[in-house]
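**Q** Next come a sequence and a model predicted from it.
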Amino acid sequence: MNIKSVICFLVLFYLTAYPQFTQNQISKSDMMDIGTISVTIGGSFPLNGTYPALISERVDAFVSRMYAEAVDLIITMNTDPDIYRKLKLELDNFALRGIKLKRATGEELEVDLQKFRLTGEFAYNPYLKNDDVIIFPANDISRNFFAVSGAVNFPGTFYFVEGDNLSDALELVGGINSSYNDVSNVEVSRLSYDGQSETKINIGIDEEFPIQRGDRFRFLAFENQKRNFSVTVIGEVNIPELCPSQEIIQRYIKLFNLVMDLQLMHR
């Protein structure tokens, strides 16, 4: 039995043991009367099925609640730390981007919870409605990715969604790090399909450059040397302290010159 099957078994047992949480106990009309709706989770998510949700919930709140309940469940029903770690890894293995929200009316929305959590823009995190279906994509970030490094706030590797462009990458990394000046160019590294050749191009930071799977972006800037450099002085000194590095360097230079003078005197 694989890890995902274990999780599903635990959830099934929980719902069977506590039937007040199952949809069978509440008709659809009753659910609407008490402010509760029915939402289905499908795709590559550890807890697929149909669950009650509040009529005031957005996608992120509902998904986060289901995730937290699943974690609490495996903590309650398992005492083996190794099994817990494996179950937790399985629970964590779902994408925050490329999520589809299908309405009973046929409407289909794109949900990007990673962008929502970074920007706070509710357009990426819509309200739920009765009979909504949330479909999670396969979380194969080892192949379905793009990476960003350089003069940005949150460099990293991100799940690729069809239609992504450079502005999406810049949004996901929280923009340009303000400690860098004159960031205007981006180096794009792109491997061939067989991985045997690499193409590098430079583009402007404001270009609507379409991203392909596996692209790597490096936002170019001169390294900022205005840092809080320091050297710790300890031991048999009058006042141990944290001193500016330039002051320490000057002390070492004076000491070095003194040693050299002493050596010359003894020759």
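**A** Thanks, I have it.

**Q** what separates residue 116 from residue 125, distance-wise?
**A** 4 Å (Cβ to Cβ, to the nearest Å). Glycine gets a C-beta too; all of them are placed from N, C-alpha and C.

**Q** State the helix or strand in which the closest residue in space to residue 153 that isn't next to it in sequence lies.
**A** Nearest residue to residue 153 in three dimensions, chain neighbours excluded: residue 174, at 3.6 Å (Cβ to Cβ, 6 or more residues apart in numbering). In the assignment (DSSP states H and E), residue 174 maps to no helix and no strand.

**Q** got the contact list for residue 174?
**A** 118, 152, 153, 154 (Cβ atoms under 8 Å, 6 or more residues apart in numbering).

**Q** For residue 12, give me the pLDDT.
**A** The model reports residue 12 with a pLDDT of 49.

**Q** hang on, I meant residue 122
**A** Looking at residue 122, the pLDDT reads 96.

**Q** what's near enough to touch it?
**A** Residue 122 touches 58, 116, counting by Cβ under 8 Å, 6+ apart.

**Q** Let me know the distance separating it from residue 258.
**A** Applying Cβ to Cβ to residue 122 and residue 258 gives a distance of 67 Å.

**Q** avg pLDDT for stretch 99-115?
**A** pLDDT averaged over stretch 99-115 gives 97.

**Q** then that stretch to CSV, C-alphas only?
**A** Extracted as CSV, the C-alpha positions of stretch 99-115 are listed here (Å, rounded to 0.1, in the frame of the first residue of the first chain):
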residue,chain,number,x,y,z
ILE,A,99,-5.1,25.1,-10.4
LYS,A,100,-8.5,25.1,-12.3
LEU,A,101,-11.7,26.0,-10.6
LYS,A,102,-14.8,24.6,-12.5
ARG,A,103,-18.2,26.0,-11.7
ALA,A,104,-21.5,24.2,-12.0
THR,A,105,-22.4,26.8,-14.7
GLY,A,106,-19.6,25.6,-16.9
GLU,A,107,-17.4,28.6,-16.1
GLU,A,108,-13.7,27.8,-15.6
LEU,A,109,-11.2,30.0,-13.6
GLU,A,110,-7.5,29.9,-13.2
VAL,A,111,-6.3,29.9,-9.6
ASP,A,112,-2.8,30.8,-8.6
LEU,A,113,-2.4,30.4,-4.8
GLN,A,114,1.4,31.1,-4.9
LYS,A,115,0.8,34.5,-6.5
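
**Q** Could I get the buried residue list for that stretch?
**A** Of the residues in stretch 99-115, 99, 101, 102, 111, 112, 113, 114, 115 count as buried by neighbour count, 16 or more other Cβ atoms under 10 Å.

**Q** and those as CSV, adding secondary structure?
**A** Output for these, formatted as CSV (DSSP: H, G, I helix; E, B strand; the rest coil):
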residue, secondary structure
99, strand
101, strand
102, strand
111, strand
112, coil
113, helix
114, helix
115, helix
